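**Student:** next one to model:
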Amino acid sequence: MKNILIFLEKMGIGGVETSVINQAIEYKRRGINCVIVSDEGILSNTLKENNITQEIIEFPLENNINLDKAKEIINIIEKYDIELVLINQIPCILSVLPACIIKNIPYIAYVHNAKKTIKNDEKNMFDWYERQFPVYKKLLKFYYNHAYKVVSISKTAEEYVKNRYNVDEDKMMVLHNSINLEKYKSTKDIDQRNSFILISRLSMDKLQSIKNGIDIFDLYESENKRLQIVGDGDKFDEIKEYVNQKESKDKISFLGKRENIIDLINENDIVLGVDRVLLEAVSLKRIAVNTGYDKPKQIIDLSNISIEAEEGFCGEDLKETSAEELANQIQNSKIDLQANYDFVKKNLNIENNIYLEEPKNANNKDALFNLFEIIKEQENTVNFYENNIKSLQDDLILKNNEIGSLKIKIEELQKEYDNVKSELEKVYNSKRFKLINKIANLF
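**Tutor:** Numbering: from 1, shown residues only. Take a look at the predicted model:
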């Protein structure tokens, strides 16, 4: 295997993006050429620094299979003589999937879902996609069943996708969220446990975890403490307002988007957050605190790190701990940071958690027919709605015409009424009418 193509939405700051960069660096170390296809983002600079090729394509949220964009992807496949494609995010499917089927290229479907996004509630990611974009109702089952392999970050995610989309067991495999320890190296020991950093996307799904982290810091008793919040998003103003309500607001600063995450973690003692940033913190021998998506969780140590590793450090299976108690534990607990690092080195090093199986022929000929059946059905659905919309628009035009005619009639009647009323007022105000009225009153 010499040439791999990796797809994701955008090179922004996030767990999937940093995971993909770790993959690409490891593939390159092993002599495998790796090309990343995504929209531009702040981490595009990191790709350049590591001499990793990036092709720029946007993958918007939409409700149709995009054959025009598939042609662009086919050109990239041919340009780099690609042997295997890795698809990391659902919006990429609409154009990457048909390109792989047409070119008969095997593809790996990655499932990065944490446990919180596959529970049967309103936050279920698959339900959301199928509800918002109905094309996925059939396409996702087709996608997972025609994948060469389906790689999940946890056993929970693997079982969920296998059962929901009826995928063959032999296609499924688990590769845990892992890290390139050659890149993540601690440059100093932690100091006085006064410097905190919270790294997160400032969005609705992370909002409560961020507030939990701010609460923990606010309750932490130290005159010299400080907290840096790294990231941006549409909830910035709400988070800023939340900070302004805290006693320690003057000790909290916002750094915005940053790409030098390793340096920032190395500069601080305590890392607050959820998901992959905690793996990075442990790898850099920092105190890692899972702030939880709903309630605060725990400090990462040997008692819970294996649970966290299994679920991508989302904290779903950790016990809840109050913000006050966590603040106290950060200050006083003995945490074996070297033991945490040793666990990661043994179990989560990228060297042992990367897909390296030599792909066989994809044999996508039957899949091509099935894909075009889905496209045909989609076109029929679009035509159905277009016809209905046109019919409603025609009805609306007729109704508007009727309304227009009625308005004209109303205006004409209004004029007649105004004229009659004006004439009556002249009569009422005439001397003759007033005289007749006085005579009538006498009788």
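**Student:** could you list the low-pLDDT ranges of this protein?
**Tutor:** Applying pLDDT under 70 to the chain flags residues 361-396, 417, 420-421, 423-443.
**Student:** domains of it?
**Tutor:** According to automatic domain parsing, the chain comprises the domains 3-178+352-360, 195-344, 381-441.
**Student:** mind putting those in JSON lines, mean neighbour count and distance to Thr187 included?
**Tutor:** Any C-beta I mention is one placed from the backbone N, CA and C, and that applies to glycine too. As requested, the domains of the chain are exported to JSON lines (neighbours: other CB atoms under 10 Å; distance: least, CB to CB, whole Å):
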{"stretch": "domain 3-178+352-360", "mean neighbour count": "18", "distance to Thr187": "18"}
{"stretch": "domain 195-344", "mean neighbour count": "19", "distance to Thr187": "5"}
{"stretch": "domain 381-441", "mean neighbour count": "10", "distance to Thr187": "56"}
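**Student:** what about the helices in the stretch 301-443 of the chain?
**Tutor:** In the stretch 301-443 of the chain, the helices defined using DSSP state H, counting those that start in this stretch lie at 305-310, 323-332, 337-347, 365-428, 431-442.
**Student:** which residues does Ile74 contact?
**Tutor:** 99, 102-103 (CB atoms under 8 Å, 6 or more residues apart in numbering).
**Student:** among the residues you listed, which are located in helices?
**Tutor:** Counted as lying in helices by DSSP state H, out of the contacts of Ile74, are 99, 102-103.
**Student:** let me know the closest of those to Lys295.
**Tutor:** Ranked by distance to Lys295 (CB to CB), those are led by Ala99 at 43.4 Å.
**Student:** report the contact partners of the nearest residue to Ile305 once chain neighbours are set aside.
**Tutor:** Setting aside the residues directly before and after it, Ile305 is nearest to Phe343 in space (CB to CB, 6 or more residues apart in numbering), at 5.2 Å. Contact analysis of Phe343 by CB under 8 Å, 6+ apart lists 282, 302, 305-306, 309.
**Student:** which other helices and strands contact the host helix or strand of Leu264?
**Tutor:** Applying DSSP states H and E as the criterion places Leu264 in helix 261-266. Under the contact criterion of 3 or more CB pairs under 8 Å, 6 or more residues apart in numbering; DSSP states H and E, helix 261-266 touches strand 195-199, strand 226-230, helix 276-283.
**Student:** out of the domains of the chain, nearest to Lys188?
**Tutor:** Among the domains of the chain, domain 195-344 sits nearest to Lys188 (CB to CB), with 6.5 Å.
**Student:** that closest one: how far from the chain's middle?
**Tutor:** Distance, stretch centre to chain centre, for domain 195-344: 20 Å (CA atoms, centre = their mean, to the nearest Å).
**Student:** next, the distance between the ends of that domain.
**Tutor:** One end of domain 195-344 to the other measures 24 Å (CA to CA, to the nearest Å).
**Student:** ok, now stretch 327-347?
**Tutor:** End to end - CA to CA - stretch 327-347 spans 29 Å.
**Student:** rewinding a little: could I get the helices and strands packed on helix 261-266 as JSON lines with distance to Asn266?
**Tutor:** JSON lines is the format used below for those (distance: least, CB to CB, whole Å):
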{"stretch": "strand 195-199", "distance to Asn266": "10"}
{"stretch": "strand 226-230", "distance to Asn266": "13"}
{"stretch": "helix 276-283", "distance to Asn266": "10"}
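**Student:** show residues contacting stretch 174-184.
**Tutor:** Contacts of stretch 174-184 (CB under 8 Å, 6+ apart): 15, 19, 22, 25-26, 151-155, 158, 262, 276, 279-280, 283-284, 309-310, 312-313, 344-345, 347-350, 352-355.
**Student:** contacts for the helix holding Leu264, please.
**Tutor:** Against helix 261-266 from outside (CB under 8 Å, 6+ apart): 13, 18, 183-184, 186-188, 197, 199, 228, 230, 255, 258, 271, 277, 280-281, 284, 286.
**Student:** list the contacts for the residue nearest to Tyr110 when sequence neighbours are not counted?
**Tutor:** Excluding the flanking residues, the one nearest Tyr110 by CB to CB, 6+ apart is Asn88, at 4.7 Å. By CB under 8 Å, 6+ apart, the residues touching Asn88 are 6-8, 16, 20, 110, 112.
**Student:** ditto for Asp294
**Tutor:** Gln208.
**Student:** and what about it, helix, strand or coil?
**Tutor:** coil (DSSP: H, G, I helix; E, B strand; the rest coil).
**Student:** okay, it and Glu223: tell me how far apart.
**Tutor:** For Asp294, the distance to Glu223 (CB to CB, to the nearest Å) stands at 31 Å.
**Student:** also Phe217?
**Tutor:** In terms of CB to CB, Phe217 sits 14 Å off from Glu223.
**Student:** same deal with Met173?
**Tutor:** On the measure of CB to CB, Met173 and Glu223 end up 51 Å apart.
**Student:** element containing Leu8?
**Tutor:** strand 3-10.
**Student:** which element follows that strand toward the C-terminus?
**Tutor:** Assigned by DSSP H and E, the successor of strand 3-10 is helix 15-29.
**Student:** tell me what that next one is packed against?
**Tutor:** strand 3-10, strand 33-39, helix 44-49, helix 276-283.
**Student:** quick one: these as a markdown table, columns for distance to Phe126 too.
**Tutor:** Below are these laid out as a markdown table (distance: least, CB to CB, whole Å):
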| stretch | distance to Phe126 |
| --- | --- |
| strand 3-10 | 17 |
| strand 33-39 | 22 |
| helix 44-49 | 29 |
| helix 276-283 | 21 |
